[in-house]
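Q: Model the structure of this input:
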Amino acid sequence: MKSMTKADLKTCKLWLFDVDNTLIKDVEHPEPFDDALALVDGLRDHNKTLGILTNVGRLSSRHIHRAVVNAGFDFELEKTFSAGAAAAAYIYYRNPHARCFVISEGGATEDFILKGLHVAHNPPIDYVAVAADRGMTFEELNFATRMVSEGAELICVSGSRSYPGVYLGREDVFIGERS
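A: Prediction:
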């Protein structure tokens with residue numbers, strides 16, 4: 001793969017940033033890293049489009065946006081995408097009337113609802129979306145398993161190689177790099 005040059009960087013119109021350990025320490029401690037504010041301001045001064053695309057799966061895009069704004073960054077909410085928002089968009093553009101069962105601490109559920117998806121807790125279910133949830137119950141897990149066994153598609157929100165889902169594990173090469 002060819003390395004990017006300074007000239008290549010100048011032609012980039014869209015810049016997407018992760019949040020945790022990239023712009024800020026983490027969402028719970030939104031302290032900006034040295035020079036991160038200056039970098040974002042410099043890109044904005046050069047009329048670059050800026051956005052956030054993060055694998056944070058337990059918090060909503062709104063919550064993540066609030067954290068980066070509180071850290072001093074000027075990002076638009078409409079250009080802030082959590083893992084839950086990405087999963088919701090994935091489902092919405094395949095079936096905008098889908099019935100979804102979401103296991104989440106609330107963030108992914110909020111993103112699904114804001115996207116206009118029907119979050120349901122009874123059959124039939126078209127998609128089961130599993131996000132980080134430290135309070136997940138056996139009842140939720142049992143229902144999710146039953147719905148998948150009856151044909152619902154399983155979506156992993158904020159997956160990893162050990163917790164594969166529709167993104168990682170099947171489509172793990174983005175922008176020319178393995179995720």
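
Q: quick one, phi/psi of the residue nearest the centre of the chain?
A: With distances taken as C-alpha atoms, centre = their mean, residue 83 lies nearest the centre of the chain, 1.7 Å away. Geometry field for residue 83 lists phi and psi as phi -60, psi -40, criterion degrees, to the nearest 10.

Q: from memory it sits against residue 155, does it?
A: No: in this structure, residue 83 sits apart from residue 155 without contact. The criterion is C-beta atoms under 8 Å, and the distance is 10.2 Å. C-beta: built from backbone N, CA, C; applies to glycine.

Q: Could you list the buried residues of the top helix by length along the chain?
A: In the chain, assigned by DSSP state H, the helix with the most residues is helix 138-149. Buried residues in helix 138-149, defined by neighbour count with 16 or more other C-beta atoms under 10 Å: 140, 143, 144, 147, 148.

Q: for it, packing partners?
A: strand 99-103, strand 127-130 (3 or more C-beta pairs under 8 Å, 6 or more residues apart in numbering; DSSP states H and E).

Q: quick one, what contacts residue 59?
A: Neighbouring residues of residue 59 by C-beta atoms under 8 Å, 6 or more residues apart in numbering: 27, 82, 84, 105, 107.

Q: okay but the second one is in contact with residue 107, surely?
A: Pointing back at residue 82 there. Yes: because the distance of 6.3 Å satisfies C-beta under 8 Å, residue 82 is recorded as touching residue 107.
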